[in-house]
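Undergrad: predicted structure and sequence below. I'll ask about it afterward.
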Amino acid sequence: MNFRVNKTGVNEIKNNMLIKTVIFYTALFFLPGILSAEKLQIVTTTEDLKYFAEQIADNHAEVTSLVRGNEDPHFVLPRPDYIMKLNRADVFIQVGLDLEEGWAPGLIRQSKNKKIQLNAPGFCDASRGARILQIPQRRVSRLQGDIHAQGNPHYWTDPLNAVIAARNIRDTLIQIDSKNSDAYRKNFTNFSNRMKNLTLTLKRQYSAEGKFSVAVFHSEFIYLSNRFGFDIAVTLEEKPGVPPSASYLKKTVEIIKRKNIKVILISPSNNPRYAQTVARETGAKVILMPISVGSEDKIKTYEDSQKEMARRLLKDVK
């Protein structure tokens with residue numbers, strides 16, 4: 001049996017095929033956006049908070065960090081794409097304690113996103129309830145340098161404070177996405193147990209070296225030293241956020257020599273020049289500490305950061 005299709009029929013077939021092809025590729029293009037729209041959109045200020053949020057939210061959210069792990073979260077140059085990310089966010093998570101005060105509040109206001117404004121359900125200050133050190137006992141001013149009136153904001157470098165930050169994230173996610181609350185609670189419990197085990201493991205490693213002292217450039221290692229029992233004898237910054245003078249560096253050299261300090265700790269965002277100058281005068285070794293997730297290519301988790309810092313420090317401390 002023969003079938004003949006006239007020219008009109010051929011054109012209809014071609015048109016139908018073309019329409020189906022367009023629909024198919026259009027669906028492929030938009031499908032990731034459609035699927036991601038079903039997930040919570042979380043924006044964090046730092047890579048560490050991003051990691052904590054990913055551990056709690058798991059596959060229920062997409063998480064973006066505004067600051068890379070090797071950047072200084074104190075001083076960030078706002079970009080237009082930050083506003084776009086914040087405009088689409090369901091949750092915003094900050095370190096708090098005024099760490100991001102110079103740039104984050106303005107971006108949040110400009111985002112015009114009611115979900116993440118201060119005190120909104122989607123605004124999360126991860127510092128709530130954390131054990132905070134170096135809280136000023138007197139009124140602070142800019143003459144004292146970059147002093148934080150609420151205390152040292154680098155609290156997340158203590159694994160047990162990381163648990164508290166993760167708990168705050170859990171509570172925020174439960175508030176705005178209650179249908180997945182059981183998953184958030186379970187994920188938090190798993191994360192908390194991991195951090196406690198990590199703390200015990202690292203405590204044994206640090207304790208095996210006995211008491212020792214270090215020099216640091218900036219006071220960002222105070223929580224690490226407090227948790228694991230070593231002493232910070234001197235800070236190379238004369239005032240927080242202010243480059244040291246030659247006379248002040250001379251004093252640090254004297255302290256390092258007198259106390260026989262073997263190492264000077266710096267982070268990726270610190271200017272290494274001052275530490276290297278002091279190291280040449282004292283014989284101390286400058287150790288670059290991967291203090292945050294993403295501070296180096298191989299530091300992909302919070303555990304990576306903590307373990308690698310311990311390895312580098314304990315190898316050269318005596």
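TA: That came through fine.
Undergrad: which helix or which strand is home to Ile108?
TA: Following DSSP states H and E, one finds Ile108 within helix 104-111.
Undergrad: cool, and Val234?
TA: Per DSSP H and E, Val234 falls inside strand 231-235.
Undergrad: contacts made by the helix holding Ile108 with the rest, please.
TA: For helix 104-111, the external contacting residues (CB atoms under 8 Å, 6 or more residues apart in numbering) are 45, 76, 78, 82-83, 86-87, 89, 92, 94, 116-118, 123. Heads up, the C-betas are built off the backbone N, CA and C, glycines and all.
Undergrad: neighbour-wise, give me the winner out of those residues.
TA: In terms of neighbours by other CB atoms under 10 Å, the contacts of helix 104-111 top out with Phe92 at 28 neighbours.
Undergrad: that residue against Gly122, yeah?
TA: Yes - contact status for Phe92 versus Gly122: in contact at 6.2 Å, counting by CB atoms under 8 Å.
Undergrad: intersection of neighbour lists for those two?
TA: Contact criterion CB under 8 Å, 6+ apart; residues shared by Phe92 and Gly122: Ile116.
Undergrad: do a quick rundown of the helices in the stretch 1-150 of the chain.
TA: Ranges of helices within the stretch 1-150 of the chain are 7-37, 47-57, 80-87, 104-111, based on DSSP state H, counting those that start in this stretch.
Undergrad: now the third one: average pLDDT?
TA: Averaged over helix 80-87, pLDDT sits at 97.
Undergrad: report the angle between the axes of it and helix 104-111?
TA: Helix 80-87 and helix 104-111 are oriented at 70 degrees to each other (axes from the mean of the first three to the mean of the last three CA atoms, to 10 degrees).
Undergrad: picking up where we left off before, which of the contacts of helix 104-111 fall within strands?
TA: Using DSSP state E, the subset of the contacts of helix 104-111 located in strands is Phe92, Gln94, Phe123.
Undergrad: so what's the second one up against?
TA: Meaning Gln94. Gln94 makes contact with Thr44, Thr45, Leu49, Glu100, Ala104, Cys124, Asp125, Ala126 under the criterion CB under 8 Å, 6+ apart.
Undergrad: so which of the ones in strands among the contacts of helix 104-111 comes closest to Arg227?
TA: Gln94 (22.3 Å; CB to CB).
Undergrad: now the closest one, which residues is it bridged with?
TA: Beta bridges link Gln94 to Asp125 when assigned by DSSP bridges.
Undergrad: for it, give its distance to Val43.
TA: Using CB to CB, to the nearest Å, one gets 10 Å for the distance from Gln94 to Val43.
Undergrad: again, but for Thr201
TA: Look at Thr201 and Val43: by CB to CB, they are 32 Å apart.
Undergrad: looking at those two, which has the bigger crowd around it?
TA: Val43 (29 against 15).
Undergrad: not counting residues beside it along the chain, what's closest to that one?
TA: Among residues not flanking Val43 along the chain, Ala89 sits closest, at 4.3 Å (CB to CB, 6 or more residues apart in numbering).
Undergrad: the one you found reaches Gln117, doesn't it?
TA: No - counting by CB under 8 Å, Ala89 does not reach Gln117; the two are 11.0 Å apart.
Undergrad: and the strands in this protein?
TA: Here the chain has its strands, by DSSP E, at 40-44, 61-65, 91-94, 123-125, 213-216, 231-235, 263-266, 285-288.
Undergrad: ok, back up a step: quick one: buried residues of the helix holding Ile108?
TA: For helix 104-111, a neighbour-count test (16 or more other CB atoms under 10 Å) marks Ala104, Leu107, Ile108, Ser111 as buried.
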